[in-house]
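sequence plus the predicted model coming up.
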Amino acid sequence: MKTAMDIVRLARHSKRPTSRDFIEFLVHDFVELHGDRRFADDPAIIGGIGFFESIPVTILGHQKGRSVQDNIRRHFGMAHPEGYRKALRLMRQAERFGRPVITLIDTPGAYPGVGAEERGQAEAIATNLYEMSGLRVPIVALVTGEGGSGGALGIGVADRIYMLANAIYSVISPEGCASILWKDSGKAPAAAEALRLRAVDLLKLGVIDGIVAEPGEGAHERPGETMVQARKTIAAALKELLVVDAETLMQRRYAKFRAMGVYAHGDGFDGLF
């Protein structure tokens with residue numbers, strides 16, 4: 001059985017499918033849209049419009065690079081505020097035209113640089129949380145690799161949240177947690193276990209709605225098979241959500257997130273807190 005740290009390594013694997021890989025597989029006639037109309041285009045967020053099967057959708061996600069140079073250009077998938085504002089612009093456009101939204105989450109966290117903070121990083125993420133909670137179209141999120149803190153949640157307020165089997169979703173990285181709690185990043189494996197960041201843990205806690213299987217030792221080994229499973233999961237979710245009226249959709253989404261974090265003794269996670 002894989003340990004939590006084994007899953008962390010797989011989630012970060014350099015050959016793991018990126019959001020662009022998923023978009024190219026899932027959506028046809030994709031047109032990428034750029035810019036937040038306020039400052040710049042952030043290459044750490046990729047998004048646009050296309051057709052998922054026969055359904056017009058808006059799809060967006062964090063984008064990591066394949067090479068060192070590309071990773072530097074894309075900030076290793078860590079978005080600046082203009083990235084979150086671009087995402088919000090695309091989601092508002094989706095609402096205007098009645099298109100469901102698909103988001104692909106794969107980031108260590110939001111970019112922590114001075115410039116990002118000066119341009120309103122926290123405000124941009126907070127605005128996305130607020131706006132997504134009231135978006136009047138279905139939202140389906142898939143954590144494909146790393147789901148790190150507010151950087152992930154900035155495009156993660158969804159009606160259905162799924163994770164690939166070897167993805168992670170957590171408020172902080174294991175190394176960061178170990179450094180804060182024990183002043184020793186070498187204790188990351190222990191932190192990874194305590195954080196309950198694996199898909200199986202988060203499904204049990206009610207944070208996510210389902211797990212997408214990864215054939216073999218990980219999505220990087222057989223990406224096509226993994227993306228077929230992702231397509232089936234997203235298609236089933238949209239089939240359920242597209243028949244729900246907007247008011248009910250928003251009420252259920254609000255209730256879903258309000259219920260997270262409720263802790264009851266004996267739920268199988270005694271000692272977590």
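Looks like it came in fine. Numbering: from 1, shown residues only.

pLDDT score for Asp267?
pLDDT recorded at Asp267 is 56.

Ala255: neighbouring residues, count only.
Counted with other C-beta atoms under 10 Å, the neighbours of Ala255 add up to 9. In this view, the C-beta of every residue, glycine as well, is placed from N, C-alpha and C.

ramachandran angles for it?
Note on Ala255: its backbone torsions stand at phi -60, psi -40 [degrees, to the nearest 10].

distance check, it against Glu82.
Computed as C-beta to C-beta, to the nearest Å, the Ala255 to Glu82 distance reads 32 Å.

how about the helices in the chain?
4-11, 19-26, 68-73, 81-97, 114-118, 121-133, 149-153, 174-182, 188-195, 199-205, 223-241, 246-258 (DSSP state H).

which among the ones you listed is found nearest to Gly61?
Evaluated over these, closeness to Gly61 peaks at helix 19-26, with 3.2 Å, by C-beta to C-beta.

now do the contacts for Met91.
Contacts of Met91 were listed using C-beta atoms under 8 Å, 6 or more residues apart in numbering, and they are 58, 60, 101, 131-132, 135, 139.

er, Asp209 I mean
Applying C-beta under 8 Å, 6+ apart, one finds that Asp209 lies in contact with 160-162, 203, 237.

nearest to Glu117 among these?
Of all these, Glu117 sits closest to Ile161, with 27.4 Å by C-beta to C-beta.

would you confirm that the closest one contacts Leu205?
No - contact between Ile161 and Leu205 fails when scored by C-beta atoms under 8 Å: they sit 11.8 Å apart.

mind checking which of those two has more residues around it?
Applying other C-beta under 10 Å to Ile161 and Leu205 shows that Ile161 carries more neighbours, namely 25 against 17.

okay, and the beta partners of the more buried one?
Ala141 (DSSP bridges).

quick revisit: tell me which of the helices of the chain sits nearest to Arg37.
It's helix 81-97; of those, that one is closest to Arg37 (C-beta to C-beta) at 6.3 Å.

mind listing what's buried along that closest one?
For helix 81-97, the neighbour count (16 or more other C-beta atoms under 10 Å) marks 81-91, 94-95 as buried.
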